[in-house]
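Novice: quick one, fold the following:
(chains A, B, C and D)
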Protein chains: 2
Amino acid sequence: MLQSHQYLRQFSIKPSVQRSAVMNFLMKNRIHPTIDEIYMALVPTMPTLSKTTVYNTLDLFVEKGAVQALVIDGRNARYDVNISAHGHFMCKSCGKIHDVFDLDASMFKLPETTDFKIDSVDVSYFGVCKSCQGN
Amino acid sequence: MLQSHQYLRQFSIKPSVQRSAVMNFLMKNRIHPTIDEIYMALVPTMPTLSKTTVYNTLDLFVEKGAVQALVIDGRNARYDVNISAHGHFMCKSCGKIHDVFDLDASMFKLPETTDFKIDSVDVSYFGVCKSCQGN
DNA sequence: TTATTTATTGTTATGATTACAAAGATATAG
DNA sequence: CTATATCTTTGTAATCATAACAATAAATAA
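Specialist: Alright, predicted model coming up:
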């Protein structure tokens, strides 16, 4: 399996201890975490970690194209290390985000238009997930 | 042309002065405004208007299905009175949101899945608009 | 009219994000 | 190796959107 620091180098990101830790967390926890979730997960084993560093790190990752920032959750930014074309589902009840892979490739085709220079698409679904449907 | 208070009644919303003013603004200004933009536009002619009322009003409109809340802008909620299936484009430079109508209807088909009960889709494009491409 | 519900308002609290400056770590030139 | 410059991390403070809440005002029903 690809190591986080190798993955970072592919995107010309110098792998510091903090950056590798954040990337490693993203690669092993495909839960589209928020900044706070990342920080909370790492700070027990990295007590000097600053939340500002997590913000800076994710901004850098997005800028270099190593991760995707999701806007599906109006409240917090969320991050996805899977940069391939896929959609997302957000449960309105529990707030969890899930990947939606079984979509036609045409969904991610950028429309031809002279009005804008389009360079990415987000396909976001909303509803209620299975485990919340009991309520 | 349909009046705002008639439109509101179609969604079982009692048309108070404030609600009609907000809906009227949305119908005449198809710019996907933020709460603050709506408030700033109306307060000169409605000096007692409260921003809390604008929040309450839009929450009610969304709940009743009279307007669509967009999550395309990570910073602020934006509102669209056009509830038909269409996509949105956000310019990363100026932040303005534009409608994208020339999309295939299949884009808005909800995928068949047993994992989630999906009830809506958002198709969001990102890039740079024509007037920002000079920079 | 009086009671009850609904809508609006203003204030305050919360929580995510950004700005900024200082400290620390790393790389580079001499 | 040492000095200097650059990059990275840290912590604090500021900003800004949104939510919570209680009080007033307006509308509706009895």
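
Novice: now stretch A:71-84: mean pLDDT?
Specialist: Per-residue pLDDT over stretch A:71-84 has a mean of 95.

Novice: any part of that stretch near DNA strand C?
Specialist: Yes - contact of stretch A:71-84 with DNA strand C (CB under 7 Å from any atom of the strand) involves A:75, A:76, A:77. In this view, the C-beta of every residue, glycine as well, is placed from N, C-alpha and C.

Novice: what backbone torsions are found at residue A:116?
Specialist: When read as degrees, to the nearest 10, the backbone of residue A:116 gives phi -130, psi 150.

Novice: show me the contacts for the residue nearest to residue A:43 when sequence neighbours are not counted.
Specialist: Once flanking residues are discounted, residue A:43 sits nearest to residue A:49: 5.1 Å by CB to CB, 6 or more residues apart in numbering or on different chains. Contact analysis of residue A:49 by CB atoms under 8 Å, 6 or more residues apart in numbering or on different chains lists A:18, A:21, A:39, A:42, A:43.

Novice: the second one touches residue A:44, doesn't it?
Specialist: The reference is to residue A:21. No - with contact defined as CB atoms under 8 Å, residue A:21 does not count as touching residue A:44 (11.7 Å).

Novice: of these two, which one has the most company?
Specialist: residue A:21 (21 against 8; other CB atoms under 10 Å in any protein chain shown).

Novice: buried sites along the helix or strand harbouring the more buried one?
Specialist: Using DSSP states H and E, residue A:21 falls within helix A:17-28. Across helix A:17-28, burial judged by 16 or more other CB atoms under 10 Å in any protein chain shown covers A:18, A:19, A:20, A:21, A:22, A:23, A:24, A:25, A:26, A:27.

Novice: so for it, mean pLDDT?
Specialist: Mean predicted lDDT for helix A:17-28 stands at 98.

Novice: ok, now stretch A:117-133?
Specialist: Per-residue scores along stretch A:117-133 average to 93.

Novice: what residues sit buried inside that stretch?
Specialist: Quick answer for stretch A:117-133 (16+ other CB under 10 Å): A:118, A:121, A:122, A:123, A:124, A:125, A:126, A:127, A:128, A:129, A:132.

Novice: count of residues packed around residue A:59?
Specialist: Neighbours around residue A:59, by other CB under 10 Å: 12.

Novice: rewinding a little: okay, the buried residues of helix A:17-28 in a markdown table with distance to residue B:1 next?
Specialist: Formatted as a markdown table, the buried residues of helix A:17-28 follow (distance: CB to CB, whole Å):
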| residue | distance to residue B:1 |
| --- | --- |
| A:18 | 57 |
| A:19 | 55 |
| A:20 | 59 |
| A:21 | 58 |
| A:22 | 53 |
| A:23 | 54 |
| A:24 | 57 |
| A:25 | 53 |
| A:26 | 50 |
| A:27 | 54 |
